[in-house]
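Student: I'd like to go over a predicted model; first the sequence, then the structure.
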Amino acid sequence: MAPEAALDGPTVTSLAKVRHGQDSVELVERPWRAPGAGEVAIEVQAVGVCGTDLHIASDEYPNDPPVVMGHEVFGVVADLGVGVDASWSGQRVVCETYFTTCETCQWCRDGQRNLCPWRRSIGSWRDGGFSARMILPARNLHRVPEGVSDHAAALAEPLACVCHSLLDPPVLNAGDHVLVTGPGPMGLLAAQVARACGCDVVLKGVERDQPRLDIARELGLTCTTEELAEGSFDVVLECSGSAGGAATAVAAVRRGGRYVGIGIFGRTIEVDLDQLLYKELTMTSGFASTPQSWRRALTLMGSGSIQLDQLVTRVAPLTEWRDVFDDLRKGRGLKVLFDPRLR
């Protein structure tokens, strides 16, 4: 972010992590700037509030303040920098989150830019989408499939992350009995992707999750808050980001099964890793997303295989951010979007 001294011209109201520590998120005025070579300016029309944003606010996820938060972005291309294809102008777009990677480390050279140690992403290291306008490289853009609503489009980024964890490489087979722990947005996305792969899916929550489980049932998902028989699932997808969810998943997976970590804990937890040995488990995960997982996510969205609009339980202006963060920390609602155009 530009220093405060630069605020002598047009500005954009933004929600930013302004320093490390608690009580460090504020609405601020940031300098307006034109896109540079190879960049575009996006008019942000919907941006999802992710659990990672809450972790950033609490310094439980790496960040470099001062920085505008938000990385689940949908918007319209409003301005083009030098060298950007003119066909992008006015397009409805979603975007990959990496502002820069080094392009020289072994991971970048192997096509795993998501694992680059020097990756700098929007919303944590570079200014993100909790703002009416954001700048990012044109290479990050994806066109939104026809028929996908603005609100649904804002869920493309978390869906791409789920696709990376589950489909690149594939960890699910048709007919697998799959448990998803945690009925938050990632859990409902993971459950739907698993169902689209032909799996028999059960979504596990706790009693306080009943409103979220009700939404899941409306999507046709099988849900439970009951104790599960040990070793009764071929694959477990841990989406809760809680120690209890991880313990449930490890206990519920069968011998020779697979554990997939999707939720972020934000802290060190205790897990009985002896079960990895005793059950001969395969444990995998997926960090962020790749261009391939974005293509898979957008294909699923365009085909109607994944229902997204029902996951959005609130659309709020940036000025209501304290109320939004508090609700999400308490498990109220499901997916909340900011629309920076609202006042």
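Tutor: Looks like it arrived, so ask away.
Student: can you list the domain ranges for the chain.
Tutor: According to automatic domain parsing, the chain comprises the domains 4-155+308-338, 165-285.
Student: got these as TSV, with distance to residue 298 columns?
Tutor: Using the backbone N, CA and C atoms, a C-beta is placed for each residue, glycine as well. Rendered in TSV, the data for those read as follows (distance: least, CB to CB, whole Å):
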stretch	distance to residue 298
domain 4-155+308-338	6
domain 165-285	13
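Student: format those domains as a markdown table; extra columns: distance to residue 295, mean pLDDT and mean neighbour count.
Tutor: Shown next, in a markdown table, are the domains of the chain (distance: least, CB to CB, whole Å; pLDDT from 0 to 100; neighbours: other CB atoms under 10 Å):
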| stretch | distance to residue 295 | mean pLDDT | mean neighbour count |
| --- | --- | --- | --- |
| domain 4-155+308-338 | 8 | 95 | 18 |
| domain 165-285 | 10 | 97 | 19 |
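Student: all helices for the stretch 1-150 of the chain, in order.
Tutor: Using DSSP state H, counting those that start in this stretch, the helices of the stretch 1-150 of the chain run over residues 51-57, 106-109, 150-153.
Student: let me have those in a markdown table, extended by distance to residue 278.
Tutor: Listed next are the helices of the stretch 1-150 of the chain as a markdown table, based on distance: least, CB to CB, whole Å:
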| stretch | distance to residue 278 |
| --- | --- |
| helix 51-57 | 31 |
| helix 106-109 | 32 |
| helix 150-153 | 42 |
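Student: what's the closest of those helices to residue 124?
Tutor: Residue 124 lies closest, by CB to CB, to one member of the helices of the stretch 1-150 of the chain: helix 51-57, at 5.8 Å.
Student: contact partners of that closest one?
Tutor: With CB atoms under 8 Å, 6 or more residues apart in numbering as the test, helix 51-57 has contacts from 17, 24-25, 61, 63, 69-71, 123-124, 184, 186, 241, 263-264, 266, 325, 328-329.
Student: again with stretch 260-278
Tutor: So stretch 260-278 is contacted by 51-52, 55, 58, 60-61, 161-162, 165-166, 171, 182, 184, 186-187, 190, 235-243, 245-247, 250-251, 255, 281, 283-286 (CB under 8 Å, 6+ apart).
Student: ok, now stretch 9-16?
Tutor: 1, 25-32, 65-70, 127, 130-133, 318, 321, 338, 340.
Student: 7 Å instead, please
Tutor: With contacts defined as CB atoms under 7 Å, 6 or more residues apart in numbering, stretch 9-16 is touched by 25-32, 66-69, 130-133, 318, 321.
Student: strands - which of the residues you listed land there?
Tutor: Among the contacts of stretch 9-16, the ones falling in strands (DSSP state E) are 25, 26, 27, 28, 29, 30, 31, 67, 68, 133.
Student: so what's the third one closest to, chain neighbours aside?
Tutor: Right, the one you point to is residue 27. residue 15 (5.7 Å; CB to CB, 6 or more residues apart in numbering).
Student: and what of the second one?
Tutor: Nearest-residue entry for residue 26: residue 18, 5.1 Å, with adjacent residues in sequence omitted and distances by CB to CB, 6+ apart.
Student: now do the contacts for the one you found.
Tutor: The contact partners of residue 18, taken as CB under 7 Å, 6+ apart, are 24, 26, 28, 65, 66.
Student: list phi and psi for it.
Tutor: Dihedral pair for residue 18: phi -90, psi -20, per degrees, to the nearest 10.
Student: so how far is residue 47 from it?
Tutor: 18 Å (CB to CB, to the nearest Å).
Student: ok, residue 100 - contacts?
Tutor: Contacts for residue 100 were tallied using CB under 7 Å, 6+ apart; they are residue 120.
Student: circling back: so for residue 300, which of the domains of the chain sits nearest?
Tutor: Nearest to residue 300 among those is domain 165-285 (6.4 Å), distances taken as CB to CB.
Student: so which of the domains of the chain gets nearest residue 292?
Tutor: Of the domains of the chain, nearest to residue 292 by CB to CB is domain 165-285, at 5.6 Å.
Student: would you agree residue 213 is in contact with residue 183?
Tutor: Yes - here residue 213 reaches residue 183: they are 5.4 Å apart, a contact under CB atoms under 7 Å.
Student: overlap in contacts, those two.
Tutor: In contact with both residue 213 and residue 183: residue 205, using CB under 7 Å, 6+ apart.
Student: could you pull up the residues touching residue 198?
Tutor: Residues near residue 198 by CB under 7 Å, 6+ apart: 174, 175.
Student: how much space between it and residue 176?
Tutor: For residue 198, the distance to residue 176 equals 8 Å [CB to CB].
Student: over to residue 310?
Tutor: Here residue 310 is placed at a distance of 24 Å from residue 176 (CB to CB).
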